[in-house]
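Novice: What follows is a protein structure lacking sequence information:
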């Protein structure tokens with residue numbers, strides 16, 4: 001039971017952080033959710049270390065989690081580019097549609113299909129990503 005509750009903590013490599021992100025993906029853009037997850041993971045890890053009596057196992061696990069959190073923070077741009085590239089490759093048409101002004105990729109949501117509005121012209125997500133990832137096109 002203790003292991004189950006520990007696994008539900010919203011610290012990055014644990015399942016609690018994945019559940020936390022799934023909940024936030026419905027309300028916030030992808031990149032912002034990833035940043036929030038990193039900060040919440042760090043805060044919860046610090047609070048966990050303050051509230052739990054210290055022993056060698058707790059220190060070792062906390063050190064590993066801290067290393068994973070910083071590694072995730074450093075890879076945030078790669079994670080976002082992977083998200084964009086997967087959207088381009090698989091071209092999933094989600095039922096919910098979001099209109100984004102001025103081609104701001106950071107405002108893309110995970111479970112939405114996007115239309116980009118620029119210069120009074122609406123461009124679909126796949127067309128925009130095609131220009132982004134195709135060497136021939138220009139954004």
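Specialist: The structure has been received and is ready for your questions. The shown structure was predicted, so the numbers you read here are calculated from the model rather than taken from an experiment. Numbers count the residues shown, from 1 in each chain.
Novice: buried residues in stretch 58-68?
Specialist: Under the neighbour-count criterion of 16 or more other Cβ atoms under 10 Å, stretch 58-68 has 62, 65-66, 68 buried. Where C-beta positions appear, they are placed from N, C-alpha and C, glycine not excepted.
Novice: Now do the helix with the most length in the chain: which elements does it pack against?
Specialist: Using DSSP state H, we find that the single longest helix of the chain is helix 30-51. Packing contacts for helix 30-51, counted by 3 or more Cβ pairs under 8 Å, 6 or more residues apart in numbering; DSSP states H and E, involve helix 15-25, helix 56-74, helix 76-90.
Novice: roughly how far is it from the heart of the chain?
Specialist: Its chain's average C-alpha position is 13 Å from that of helix 30-51, according to Cα atoms, centre = their mean, to the nearest Å.
Novice: Specify the angle between that helix and helix 76-90 in degrees.
Specialist: Between helix 30-51 and helix 76-90, the angle comes out at 140 degrees (axes from the mean of the first three to the mean of the last three Cα atoms, to 10 degrees).
Novice: quick revisit: what's the most buried one of the helices and strands packed on helix 30-51?
Specialist: helix 15-25 (a mean of 16; mean count of other Cβ atoms under 10 Å).
Novice: what's the most far-flung residue of the chain relative to its centre sitting at in phi/psi?
Specialist: Largest separation from the mean C-alpha position in the chain: residue 55, at 32.3 Å (Cα atoms, centre = their mean). The phi/psi pair for residue 55 (degrees, to the nearest 10) reads phi -150, psi 170.
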